[in-house]
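Trainee: Starting from these lines, generate the structure:
(3 chains)
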Amino acid sequence: GEKSAETFVGVGVDQELISAVPSHNPTFVARNFTDAEAAYCHAQPSPASSFAARWAGKEAVFKSLGVKSKGAAASLRDIEILNDPVTGAPTVTLHGDAQVQAAAKGVNKILISLSHSEVCPKYLYFCDTVN
Amino acid sequence: GEKSAETFVGVGVDQELISAVPSHNPTFVARNFTDAEAAYCHAQPSPASSFAARWAGKEAVFKSLGVKSKGAAASLRDIEILNDPVTGAPTVTLHGDAQVQAAAKGVNKILISLSHSEVCPKYLYFCDTVN
Amino acid sequence: GEKSAETFVGVGVDQELISAVPSHNPTFVARNFTDAEAAYCHAQPSPASSFAARWAGKEAVFKSLGVKSKGAAASLRDIEILNDPVTGAPTVTLHGDAQVQAAAKGVNKILISLSHSEVCPKYLYFCDTVN
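Mentor: The predicted structure is shown next:
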């Protein structure tokens, strides 16, 4: 079928140690994760690993948008990463400010993948943004 | 010249420890690698490293296709990674089921890159799929 | 607005240990970094980290171009990585041979991202090339 032209806007990569993501802190979780994300992570075999994966993913998405950071204390709740119920693949939904900034750049597609290292326990997410 | 519109379908990343890929097991190799891949890897200075690199690459390609996994025991033989004879760059060819699933998603181009870490001996492959 | 069709040319990933990049060697720096890159790196809190990040980025860009390597001793000065003054995001400018090779492949956009691992101190850059 007919395909519309896409232009390639950004790319982002991040890696985080599980131990560096304070997912045992309810204030940190409420500030940075949606209810659906938190429910998903708490239901996994290792919630700390799942929170760390999502945290790294949020950082990678943020980098891929190419916008100015508000600093380390900025909330990343507006970048939501859930898993496709059929394939299990991570998917990204933007809300609030992140959605506004992405729209201003014409971003309408964000692709993401993750990998977990066994030897250095960290998650690596990377993502591409397309408009 | 005239370019056809491309849309961006998926992205995949994976990292594997060399020690986690049982390339000394002929059954594992025959199940997951084509004859050309196995011949290439056995001809390299470190066959175990070459097999691990291809294994991680196959996993990354699989993720980028965004299809449901058949589980850890599924064969990855249908995702073939060889090196361009001129540039040495890794290239991907799909066969069988992987080819069918990619065609169903309209994928007609897969790009891949690899990196080897000296300190944590593992290979990282990542890839993008385009249609 | 109207968008021109883009095609996706290449992808590159690299990771480097800070200790593996001899940024204390002025000959190495002059051979591989532009004056603007060297000035930027020397002004950072950890020049060695900044040089290593750029080195890994140059390697990733090189891989993404899909051209034949001139060997480990080849200069990477023609691939310049600086930071956007507003967002801080890394940007790529090609010069000399790299510019010629990219133009021959129709590359007119290079996207890059970086990540620093705390536990295994290395930088990971990856990049996509688009024409």
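Trainee: What are the buried residues along stretch A:27-34?
Mentor: Neighbour-count burial for stretch A:27-34, counted by 16 or more other CB atoms under 10 Å in any protein chain shown, picks out A:29, A:32-34. Every residue, glycine included, has its C-beta placed from N, CA and C.
Trainee: Pick out the most distant pair among those.
Mentor: Spatial extent of those (CB to CB) is set by the pair A:29 and A:34 at 10.1 Å.
Trainee: Hmm, residue A:29 is touching residue A:35, no?
Mentor: No. Look at residue A:29 against residue A:35 with CB atoms under 8 Å: they stay out of range, at 10.0 Å.
Trainee: which helix is the longest one in chain A?
Mentor: For chain A, the helix that runs over the most residues, judged by DSSP state H, is helix A:47-65.
Trainee: ok, and does that one reach over to chain C?
Mentor: Yes. Among the residues of helix A:47-65, A:60, A:63-64 lie within reach of chain C under CB under 8 Å from any CB of the partner chain.
Trainee: For chain C, state which of the residues you listed is nearest.
Mentor: Distances from these to chain C were compared by CB to the nearest CB; the smallest belongs to residue A:63, at 5.2 Å.
Trainee: tell me the secondary structure for the closest residue to that closest one other than its chain neighbours?
Mentor: Spatial nearest neighbour of residue A:63, chain neighbours left out: residue A:12 (3.4 Å); criterion: CB to CB, 6 or more residues apart in numbering or on different chains. Here residue A:12 is strand, with the state taken from DSSP: H, G, I helix; E, B strand; the rest coil.
Trainee: I'd assumed residue A:57 was in contact with residue A:12.
Mentor: No. With contacts defined as CB under 8 Å, residue A:12 does not count as touching residue A:57, sitting 9.3 Å away.
Trainee: would you list every one of the strands in chain A?
Mentor: A:8-17, A:79-83, A:90-94, A:109-117, A:122-130 (DSSP state E).
Trainee: will you turn those into TSV that also has mean neighbour count and mean pLDDT?
Mentor: Rendered in TSV, the data for the strands of chain A read as follows (neighbours: other CB atoms under 10 Å in any protein chain shown; pLDDT from 0 to 100):
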stretch	mean neighbour count	mean pLDDT
strand A:8-17	24	79
strand A:79-83	21	93
strand A:90-94	18	92
strand A:109-117	22	79
strand A:122-130	26	57
